[in-house]
Each structure stands twice: as C-alpha cells, then as structure tokens.
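[1] Need coordinates for the following:
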Amino acid sequence: MPTEIRYRNMRRKRKQMIDFNRPAFTGREFDYIRDAVQRGMLCGDGEYTKRCSQWMMDKFHVNHVMLTTSCTHALEMAAHLCDIKPGDEVIMPSYTFVSTADAFVLKGAKIVFVDIRPDTMNIDEKLIEAAVTEKTKVIVPVHYAGVACEMDTIMEIAKKYNVPVVIDDDIYAVIESGVDGVHIGQKDMDYIEARKLLGDDKIIGMTAPSVELAKKAEKLGADYIGAGAVFNTSTKKDTKPLELSTLREICSSISIPVVAIGGIDHSNVRKLKGTDIDGVAVISALFGASDPGEATRELVSIMKDVVQ
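    Below you'll find the predicted structure:
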C-alpha cells in the first residue's frame with residue numbers, strides 16, 4: 001500500500017477513536033477562566049463552584065453536592081462516610097488506580113481484589129459474589145476509560161445480601177437502577193402513578209405534614225410516612241415546622257411506620273421522645289459532621305431511648 005494512502009487511512013481511523021486523556025472543549029472555557037481570574041476567586045467556593053453544584057443538584061435531584069479537587073479526595077471522603085474500620089473488607093477490581101485502594105487502606109480496610117474482564121477492563125461481575133464474606137463492607141466498581149461496569153448484576157448481588165438502597169424523589173432512577181424503593185414528597189409524582197411504574201414489590205414512602213395527608217397516604221398504600229419538617233431545616237427553608245402534638249397525632253392515627261424528618265440532629269432528637277415515631281431521617285447531622293461514623297453511632301445510641 002502506498003505510504004500516502006496508508007497515512008490517510010490512519011488519520012481516518014484516528015477520527016473514529018476517543019482520545020483517552022485529552023480534555024474536551026466546548027468553546028467558552030477560556031472565557032470562564034478569564035472571568036474567574038477577574039473575580040479574584042480561584043481557590044474554590046466561588047461563582048463557578050456554586051453554578052456547578054447547583055447544576056448537579058438540579059440534574060440528579062439531590063439536596064446537596066460537594067465538589068472535590070480530585071477523584072482521590074472523593075474516594076477518601078467515600079471511605080470516611082462508609083465508616084470503614086480496621087478489618088473491614090472492600091472489594092475492588094485488580095486493575096485500577098492506586099488511589100482506589102489507598103483511600104480505604106488509610107482507614108484500615110483489607111482490600112479484596114477481583115479480576116477484570118478482558119473486553120472492558122472493568123471488574124468481572126461474575127466473580128464478585130465469590131469474594132463476598134461477612135466482613136465485606138463495600139464494593140467499589142471502577143468504570144474504566146468511560147466504559148460502565150455491569151451495574152445490574154452488581155445491584156442483584158447487593159439485593160441478595162440484603163443491602164437495601166432507597167433513592168429520594170426520582171422514580172425513573174429507581175426503575176433504571178433496580179434499587180428497592182423511593183420516597184416521594186407532596187410536590188413529586190402522584191402515588192398511584194408511581195406504584196404503576198414501580199410495581200407492588202417496591203417500597204414507596206410519602207411525605208405527610210398533616211394527619212389528613214397521612215391517613216390519605218396510608219389509604220393509597222404507602223409503605224411508610226415521612227412526617228415533618230419537625231424542626232427548621234436548611235434543605236427545606238420554605239417549610240414551617242410541624243408541631244410535635246401533630247406528629248404524635250399522626251403516629252396514633254395510622255398503622256404504617258412514621259419517620260420524622262427535617263432539621264433533626266443530636267441536640268434536638270430527644271424532643272421527639274413520646275411521639276411514637278418509628279425512626280428519623282437525617283442529612284446534615286451526619287454528613288455535616290467532622291466524623292460521620294461517630295455521629296451516626298451517637299445518634300443511634302440516642303434513638304434507642306427515643307424510639308420505644
């Protein structure tokens with residue numbers, strides 16, 4: 001083959017490839033960099049951090065997003081939030097970045113490596129279950145080079161070993177991921193429509209800030225009630241706190257479990273004693289703590305006295 005034709009074919013093939021380590025540009029990056037410099041804020045928590053965080057909250061329907069400076073920092077935070085202790089086992093692919101293991105080794109975990117698939121370079125989902133023991137705390141799938149792991153199979157393993165996963169607000173995320181249930185608020189999807197989409201085997205919880213709405217939710221078929229917000233909360237700033245007397249009446253008026261939500265932390269959770277709640281839902285009290293693991297253990301200890 002003449003050299004010129006061979007070179008032309010190589011260029012044609014290259015156009016069909018995805019560059020592994022080359023950053024993508026949409027055209028306005030330099031404008032944004034210039035703007036950030038002119039604003040005098042390059043260390044984070046500036047205008048573009050806020051914009052990015054807000055976009056992700058809107059896109060993924062979550063209440064809070066925390067950006068990190070690297071994947072390593074995100075992994076270390078994940079290990080911290082998972083409350084990894086010495087002796088816990090963490091499953092991950094044998095072919096991955098050093099920092100994938102380091103994040104958990106720093107917490108004292110034992111890394112259990114599972115071989116990869118030769119076609120995707122991702123963890124071989126068929127080998128994960130054999131690596132699970134009573135000490136397994138976390139499975140870390142690594143989506144290498146933009147190719148996703150077989151998450152359906154991994155979710156089946158989690159379900160087999162009784163690890164429930166509940167997604168807040170997003171019905172379609174539940175359908176796509178196959179997790180165990182969803183919690184819907186008064187402004188989210190209608191319960192009947194949600195049940196039609198999810199089927200009878202999924203958990204559906206509903207927010208009910210009044211006795212009337214709680215009774216209605218139970219009659220519809222909700223599996224549990226989220227009652228609140230019982231205190232002022234940063235995630236629902238436009239919500240008026242629910243009177244504890246109303247919370248007590250909700251609990252006595254229905255037979256399904258009632259979970260108190262909104263502004264609950266270690267300083268005020270004892271005020272809920274005597275309301276007959278079945279549990280509490282918290283965000284900032286744990287994820288805003290310097291040691292989420294210790295904060296969780298402390299709250300669980302307090303709850304043993306609150307929930308009789």
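[2] so where's the stretch 201-308 of the chain shaky on pLDDT?
    Scanning the stretch 201-308 of the chain for pLDDT under 70 picks out 234-239.
[3] Which stretches in it count as strands?
    Here the stretch 201-308 of the chain has its strands, by DSSP state E, counting those that start in this stretch, at 203-207, 224-228, 258-261, 279-281.
[4] Please enumerate the helices of this protein.
    3-15, 29-39, 47-60, 71-81, 98-105, 125-131, 151-160, 171-177, 191-198, 211-220, 244-253, 284-287, 292-306 (DSSP state H).
[5] what distance separates the last one from the centre of its chain?
    When you say that, I think you mean helix 292-306. 20 Å (Cα atoms, centre = their mean, to the nearest Å).
[6] quick check: angle from that helix to helix 71-81?
    Relative orientation of helix 292-306 versus helix 71-81 (axes from the mean of the first three to the mean of the last three Cα atoms, to 10 degrees): 30 degrees.
[7] Which strands and helices lie in contact with helix 292-306?
    helix 71-81, strand 279-281, helix 284-287 (3 or more Cβ pairs under 8 Å, 6 or more residues apart in numbering; DSSP states H and E). For glycine as for every other residue, the C-beta is placed from the backbone atoms N, C-alpha and C.
[8] Which positions within it qualify as buried?
    292-293, 295-296, 299, 302-303, 306 (16 or more other Cβ atoms under 10 Å).
[9] Can you show me the CA trace of that helix as PDB?
    Taking Å, rounded to 0.1, in the frame of the first residue of the first chain, the C-alpha atoms of helix 292-306 are listed here in PDB:
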ATOM      1  CA  PRO A 292     -19.900  11.000  60.200                       C
ATOM      2  CA  GLY A 293     -19.200   7.500  61.600                       C
ATOM      3  CA  GLU A 294     -19.000   8.600  65.200                       C
ATOM      4  CA  ALA A 295     -22.000  10.900  64.600                       C
ATOM      5  CA  THR A 296     -24.000   8.000  63.300                       C
ATOM      6  CA  ARG A 297     -23.200   5.800  66.300                       C
ATOM      7  CA  GLU A 298     -24.000   8.600  68.700                       C
ATOM      8  CA  LEU A 299     -27.400   9.200  67.100                       C
ATOM      9  CA  VAL A 300     -28.300   5.500  67.000                       C
ATOM     10  CA  SER A 301     -27.500   5.400  70.700                       C
ATOM     11  CA  ILE A 302     -29.800   8.300  71.400                       C
ATOM     12  CA  MET A 303     -32.500   6.800  69.300                       C
ATOM     13  CA  LYS A 304     -32.700   3.700  71.400                       C
ATOM     14  CA  ASP A 305     -34.100   5.900  74.100                       C
ATOM     15  CA  VAL A 306     -36.300   8.000  71.800                       C
END
